[in-house]
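Engineer: sharing a model prediction with you, sequence too.
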Amino acid sequence: MVRRRAGRLVDLEFDILTVGMQLQAEEGSFYGFSLARKLAEETASTALTAHGTLYKALGRLKDSGLLDAVWEDPDIAEEEGRPRRRLYLVSGAGVRAQAAEAVLREGEAPAGKAAFA
């Protein structure tokens with residue numbers, strides 16, 4: 001299990017915010033399955049071992065105020081013959097947290113390499 005460092009995002013959370021912002025720019029909001037598909041395309045993350053892992057991380061980010069979530073209009077889902085989707089938006093706090101984490105990660109040595117090597 002990955003240990004969380006105080007004030008930091010774990011890899012999956014960072015990837016969710018990064019990819020979520022891309023999807024949000026393209027589509028206005030995003031839902032779990034579209035995020036999972038884009039994560040698989042865009043990242044080399046091995047943290048996503050099951051969709052349950054993704055939805056738990058989405059819940060943590062929402063509870064932390066880094067994501068906003070609303071249920072889509074049930075009429076849209078009914079017209080398309082599928083269940084309603086929970087739609088997510090990266091909040092302003094989420095944008096700031098992702099940017100801060102990106103800066104911190106830029107200064108770190110790659111995993112498995114000594115900082116002085």
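Structural biologist: Right, received. Where do you want to start?

Engineer: the spatially most central residue of the chain and residue 60: what is the separation?
Structural biologist: The centre of the chain sits closest to residue 16, judged by CA atoms, centre = their mean, with a distance of 1.4 Å. According to CB to CB, to the nearest Å, residue 16 and residue 60 sit 10 Å apart. Glycine gets a C-beta too; all of them are placed from N, C-alpha and C.

Engineer: likewise for residue 86?
Structural biologist: 14 Å.

Engineer: with residue 97 instead?
Structural biologist: Distance from residue 97 to residue 60, by CB to CB: 12 Å.

Engineer: more crowded one of the two?
Structural biologist: Taking other CB atoms under 10 Å, residue 97 and residue 60 do not tie; residue 97 has more neighbours (22 against 17).

Engineer: the more buried one: what's it in contact with?
Structural biologist: With contacts defined as CB atoms under 8 Å, 6 or more residues apart in numbering, the neighbours of residue 97 are 9, 17, 66.

Engineer: same check, this time on residue 19
Structural biologist: Counted by CB under 8 Å, 6+ apart, residue 19 has contacts 35, 38, 39, 42, 43.

Engineer: now those residues in TSV, with neighbour count?
Structural biologist: Formatted as TSV, these follow (neighbours: other CB atoms under 10 Å):
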residue	neighbour count
35	22
38	19
39	20
42	13
43	17
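
Engineer: what's the closest of those residues to residue 56?
Structural biologist: For these, the residue nearest residue 56 by CB to CB is residue 35; the value is 13.2 Å.

Engineer: wait, the closest one touches residue 88, no?
Structural biologist: Yes - in this structure, residue 35 is within contact of residue 88 by CB atoms under 8 Å, at 7.4 Å.

Engineer: pLDDT of stretch 20-27, averaged?
Structural biologist: The average pLDDT within stretch 20-27 is 96.
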